[in-house]
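**Student:** One predicted model, sequence on top.
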Amino acid sequence: MLNILYSSRIKRAVRLIALIAALSAMLTALGCRSVTVEPNPSLAEESPPVSENPMTEPVPVASSQPELTSEPTLEPEPVTEPEPEPEPDIRRVHIVCAGDNLIHSSIYNQARRRASANDEEGYDFSYVYEKVLHYLDGAQLAILNQETIVTDELEPSDYPRFTSPGDLGRHMMDIGFNVFSLSNNHILDRGEQGLLYTLDFWDSQEGITHYGAYRNQEDMDNIRILEVDGISFAFLGFMEHTNGLSLKDDSECRLTYLYETEEVKKYVTLASSLADVVIVSAHYGKETTNELTQNQLDMTELLFEWGADIIIGTQAHTVQTCGYYDKPDGSRGFVFYCLGNFVSAQSRYDTLVGIIGMLDVTKDMATGEISIENPEAIPIITQYGYNYSSIHIEPYAGYTEEMADSHGCEKLTIERIEKILSYVPEEFLSIR
């Protein structure tokens, strides 16, 4: 307010001086003497002092024109795209398993004749399996129960003491099998020497795993473990019996029978601590029956309780049920109670129907969670003509009434095949 008062007085003084100057100019023009105008000392005295305190500086008079100010330009903040969620790393292993590869003399004799017809030495087993090769496509683990001794050191032999030529084993590897279970009731058919010969044969092959019979304690303690695409699999094999045959007390060879429950538990528990997935080949059940025995049910429960994840059952020579099993740890296992025969020259109609098992094992690499998915039971038929001629495996998907009518087993009919397959839950039965 004080500054405004001072400013008003100055303006009045300026107007007064200007008026006096104008009058002086008029008088001069009229010839009058000039008038000297002295400034009014009182006005000068009333001029406000200049303060040295910037907070008390006179407020400048605002201009009548609006002051143009330049607002700073705000740059837009860059848009940051959210980091995409990483894709889960889920690994998957496709498994195929087949039942008893039971080679009677009619099978190896026809293989010898086919090789001879082609001017070849040895045995040609290709005809037996050629129609089911596509089921092995894409299998990372293809597991076979080799029901007979395989060796080039002994002559082939038939029931009740089986021996198969080395060409059989080599052909099974050629068509895609890479894991062989030797845990079956015929493993001692040719005694300890036969067992050692078959172990020598399989040990000499590259790129395959075999289990279920061992040359000594150290060999048995060396649990077979395979890692496939980041998932580790342990393989164990046990049998109910060996047809009344046994190893000598001083033998170094080792087998484990299912009734040796403490031994079985020890190995299954150990395998579970070493691998993501434990696969047990269990040679159990009553022959030529589709019904389960109490021992199968009890042993299956124990195997899952101890750490098994997949159980591949054989021995009954015919089809039995299959399904998921809720394990005590909250996970789910899967059991094929019996796959039946892969091929044989048995004469009962129920032994001529088998299944090929398939399933996928997945692993979440971030959490380690294991899942068993897409289980299938694919039916197959062992087909032969009169007097066990032209033995081979047929997919049931293409099986006809005419084929059944021409079968060397007169009792095999489509109706009986369907009755056997009714033991497989529909959700798993895959006719393809």
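**Tutor:** Looks like it came in fine.
**Student:** how about the strands of the stretch 101-250 of the chain, start to end?
**Tutor:** Per DSSP state E, counting those that start in this stretch, the stretch 101-250 of the chain has strands spanning 141-145, 149-150, 163-164, 179-181, 209-211, 224-228, 231-239. These are given in chain order.
**Student:** Can you tell me which of those strands is packed in deepest?
**Tutor:** The highest mean neighbour count among these belongs to strand 149-150 (a mean of 28), with neighbours defined as mean count of other C-beta atoms under 10 Å. Bear in mind the C-beta positions are built from the backbone N, C-alpha and C, glycine included.
**Student:** For that strand, name the packing helices and strands.
**Tutor:** strand 163-164, helix 166-174, helix 191-203 (3 or more C-beta pairs under 8 Å, 6 or more residues apart in numbering; DSSP states H and E).
**Student:** and these, which is most packed in?
**Tutor:** Most buried among these, given mean count of other C-beta under 10 Å as the contact rule, is strand 163-164, at a mean of 25.
**Student:** Show residues contacting that one.
**Tutor:** Outside of strand 163-164, the residues that reach it under the criterion C-beta atoms under 8 Å, 6 or more residues apart in numbering are 103, 108, 148-151, 154-157, 189-190, 194.
**Student:** one step back: columns distance to Thr321 and mean pLDDT on top of the helices and strands packed on strand 149-150, output as CSV?
**Tutor:** CSV is the format used below for those (distance: least, C-beta to C-beta, whole Å; pLDDT from 0 to 100):
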stretch, distance to Thr321, mean pLDDT
strand 163-164, 30, 98
helix 166-174, 27, 98
helix 191-203, 31, 98
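**Student:** Any chance of JSON lines for the strands of the stretch 101-250 of the chain, columns distance to Gly330?
**Tutor:** Formatted as JSON lines, the strands of the stretch 101-250 of the chain follow (distance: least, C-beta to C-beta, whole Å):
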{"stretch": "strand 141-145", "distance to Gly330": "25"}
{"stretch": "strand 149-150", "distance to Gly330": "40"}
{"stretch": "strand 163-164", "distance to Gly330": "43"}
{"stretch": "strand 179-181", "distance to Gly330": "28"}
{"stretch": "strand 209-211", "distance to Gly330": "28"}
{"stretch": "strand 224-228", "distance to Gly330": "24"}
{"stretch": "strand 231-239", "distance to Gly330": "19"}
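**Student:** And for Glu291, the neighbour number?
**Tutor:** 12 (other C-beta atoms under 10 Å).
**Student:** State the pLDDT value of the spatially closest residue to it that is not a sequence neighbour.
**Tutor:** On the basis of C-beta to C-beta, 6 or more residues apart in numbering, the spatially nearest residue to Glu291 that is not a chain neighbour turns out to be Gln320, at 7.7 Å. The score at Gln320 is 98. That number is its pLDDT.
**Student:** other SSEs contacting the longest strand along the chain?
**Tutor:** Ranked by residue count, the top strand of the chain under DSSP state E comes out as strand 370-383. For strand 370-383, the contact count by 3+ C-beta pairs under 8 Å, 6+ apart identifies strand 322-326, strand 332-336, strand 341-343, strand 353-364, strand 392-395, helix 414-421 as packing neighbours.
**Student:** any idea which of the ones you listed is most buried?
**Tutor:** Across the helices and strands packed on strand 370-383, the average number of neighbours (mean count of other C-beta under 10 Å) peaks for strand 341-343, which reaches a mean of 28.
**Student:** if we can go back for a sec, mean confidence score for the longest strand of the chain?
**Tutor:** Predicted confidence along strand 370-383 averages 98 (mean pLDDT).
**Student:** That strand: how far from the chain's middle?
**Tutor:** 17 Å (C-alpha atoms, centre = their mean, to the nearest Å).
**Student:** got it, and stretch 283-296?
**Tutor:** A distance of 31 Å separates the C-alpha centroid of stretch 283-296 from that of its chain, computed with C-alpha atoms, centre = their mean.
**Student:** Only the buried residues of that stretch, if you could.
**Tutor:** 283-286, 290, 292-293, 296 (16 or more other C-beta atoms under 10 Å).
**Student:** Sort out for me which of those residues are in strands.
**Tutor:** In this view, the buried residues of stretch 283-296 that belong to strands under DSSP E are His283.
**Student:** Most widely separated two among the buried residues of stretch 283-296?
**Tutor:** Checking the buried residues of stretch 283-296 against each other with C-beta to C-beta, the farthest-apart pair comes out as His283 and Asn290, at 16.8 Å.
**Student:** hmm, back to that, make CSV out of the helices and strands packed on strand 370-383 and add distance to Gln315.
**Tutor:** Putting the helices and strands packed on strand 370-383 into CSV (distance: least, C-beta to C-beta, whole Å) gives the following:
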stretch, distance to Gln315
strand 322-326, 15
strand 332-336, 12
strand 341-343, 10
strand 353-364, 13
strand 392-395, 19
helix 414-421, 16
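**Student:** Which of those sits closest to Pro78?
**Tutor:** Taking these one by one with C-beta to C-beta, strand 353-364 is closest: 35.5 Å.
**Student:** Tell me, how many residues neighbour Lys131?
**Tutor:** Applying the criterion other C-beta under 10 Å, we find 15 residues in the vicinity of Lys131.
**Student:** What of Gly368?
**Tutor:** With neighbours defined by other C-beta under 10 Å, the count for Gly368 comes to 8.
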